[in-house]
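Trainee: Starting from these lines, generate the structure:
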Amino acid sequence: MRVFPGCDVCIEDPLVIDRILTHLDNKAALAEPVVLPPSRAPPQRNLFD
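Mentor: Below you'll find the model as predicted:
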């Protein structure tokens, strides 16, 4: 039995649970990875002193 947070549904059928989890795995595999911007150096101190 799986209870999914945020919804009032209780799914007990193992075949349905497997189909849902397989669908979510496939969807995650197709998603583009998050690309972070290049890191920057910290600000310089006393730049104008």
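
Trainee: so where's this structure shaky on pLDDT?
Mentor: 1-5, 47-49 (pLDDT under 70).

Trainee: hey, where'd the helices end up in it?
Mentor: For the chain, helices defined by DSSP state H occupy the ranges 14-30.

Trainee: Quick check: the residue nearest in space to the middle of it vs R45, distance?
Mentor: Central residue of the chain (C-alpha atoms, centre = their mean): A28, 7.7 Å from the mean position. Remark: distance between A28 and R45 (C-beta to C-beta, to the nearest Å) = 43 Å. C-beta here means a position set from N, CA and C on the backbone, and glycine is covered the same way.

Trainee: again, but for T22
Mentor: Taking C-beta to C-beta as the measure, T22 falls 54 Å from R45.

Trainee: The two - which one has more neighbours?
Mentor: Just comparing T22 and R45: by other C-beta atoms under 10 Å the higher neighbour count belongs to T22, 10 against 6.

Trainee: quick one, what contacts S39?
Mentor: Counting by C-beta atoms under 8 Å, 6 or more residues apart in numbering, S39 touches no other residue.

Trainee: got the phi/psi numbers for it?
Mentor: phi -70, psi 160 (degrees, to the nearest 10).

Trainee: Roughly how far does it sit from P33?
Mentor: Taking C-beta to C-beta, one finds S39 at 17 Å from P33.

Trainee: now swap in R19 and tell me
Mentor: Taking C-beta to C-beta as the measure, R19 falls 25 Å from P33.

Trainee: quick one, which of the two is more surrounded?
Mentor: The neighbour count for R19 versus P33, taken as other C-beta under 10 Å, is higher for R19 (11 against 5).

Trainee: Contact partners for that one?
Mentor: With C-beta under 8 Å, 6+ apart, R19 has no contacts at all.

Trainee: swap the cut-off to 10 Å and go again
Mentor: Applying C-beta atoms under 10 Å, 6 or more residues apart in numbering to R19 gives the contacts D13.

Trainee: same check, this time on the one 10 residues further on
Mentor: Residues counted as contacts of A29 (C-beta under 10 Å, 6+ apart): none.

Trainee: likewise G6?
Mentor: G6 makes no contacts at all, as judged by C-beta under 10 Å, 6+ apart.
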